[in-house]
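> have a look at this prediction, sequence included:
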Amino acid sequence: AGRDQRAGVSGERADHPQPVPRGGEQQLETLARVADQKAGDARRLGQLPASLAQLVRRPAAEAPDLDRDRLVALLPVGAVEAHGPHLPTSTDRVIALAMAREGARRLRERGWTALLLPPIDYTAAPFAAGFPGTVSVRPETVTALICDVAAALAAQEIRTLAIVNAHLDPTHLGSLYAAL
């Protein structure tokens, strides 16, 4: 009776949150480090283009050299939200980045260039808003941000934007659909 209906998601009582064990954070950090290392190894071996590097790491002078006819900008989208006592609030970000890296690899195999954009971490997360660590923003904010990013890319003649989403909150999904 004293349990929040959402407590089954994380296995904790809403009125007594459990501390996050360090092991979960370390596991995700290790996975992210391994993914970064694998991407670096693949780049050195010529399997991935240099343009797979995040946009923020590219010199602005390189942007005109990108073949816009075969370019896909990948925008990882996660959330800052509680995932139970064993995982960090950055779980969705880690998953979205891993998905984007794999998508970039597959695009490269098909002759496309992938531009991995910096991830969007803050989004609508009302389902988990009652749990400590969750940061939720208004759905309209998410829609406006996605539209603004797409418009800024379009102004640079980057015509294809793929949203690589790892957050399944229905309100968040509605925000993404509204941006289409």
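Arrived safely.
> count of neighbours near Ala104?
24 (other CB atoms under 10 Å). C-beta coordinates here come from the backbone N, C-alpha and C atoms, glycine included.
> nearest spatial neighbour of Thr89, chain-adjacent residues omitted?
Distances taken as CB to CB, 6 or more residues apart in numbering put Gly133 closest to Thr89, at 4.4 Å, once the chain neighbours are dropped.
> I meant Asp67, not that one.
Taking CB to CB, 6+ apart as the measure, Asp67 lies nearest to Thr113, with 6.0 Å between them; neighbours along the chain are not counted.
> can you give me every residue that contacts the residue nearest to Thr89?
20, 80-82, 89 (CB atoms under 8 Å, 6 or more residues apart in numbering).
> for those, which one is nearest Leu173?
Glu81 (14.0 Å; CB to CB).
> on that earlier part again, so the residue nearest to Asp67 makes contact with Ala73?
No: taking CB atoms under 8 Å as the contact criterion, Thr113 and Ala73 are not neighbours in contact, 9.8 Å apart.
> please spell out which residues along stretch 68-88 are buried.
The neighbour-count check on stretch 68-88 (16 or more other CB atoms under 10 Å) flags 71-83, 87-88 as buried.
> again, but for stretch 172-180
Going by neighbour count (16+ other CB under 10 Å), the buried part of stretch 172-180 is 172, 175-176, 179.
> including pLDDT, secondary structure and distance to Ala166, could those go into JSON lines?
What follows is the buried residues of stretch 172-180, written out as JSON lines (pLDDT from 0 to 100; DSSP: H, G, I helix; E, B strand; the rest coil; distance: CB to CB, whole Å):
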{"residue": "His172", "pLDDT": "96", "secondary structure": "helix", "distance to Ala166": "10"}
{"residue": "Ser175", "pLDDT": "97", "secondary structure": "helix", "distance to Ala166": "14"}
{"residue": "Leu176", "pLDDT": "96", "secondary structure": "helix", "distance to Ala166": "12"}
{"residue": "Ala179", "pLDDT": "96", "secondary structure": "helix", "distance to Ala166": "16"}
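> nearest to Leu161, out of these: which one, please.
Each of the buried residues of stretch 172-180 was scored against Leu161 by CB to CB, and Ala179 proved nearest at 9.9 Å.
> flag the shaky bits of this protein, pLDDT-wise.
Counting by pLDDT under 70, the chain contains low-confidence residues at 1-64.
> how about 50 then?
Applying pLDDT under 50 to the chain flags the ranges 1-22, 39, 42-53.
> check which element follows the longest strand along it along the chain.
When every strand of the chain is counted residue by residue (DSSP state E), the longest turns out to be strand 71-77. Following strand 71-77 in sequence order, the next helix or strand is helix 91-109 (DSSP states H and E).
> bridging residues for the residue nearest to Asp67?
Leu71 (DSSP bridges).
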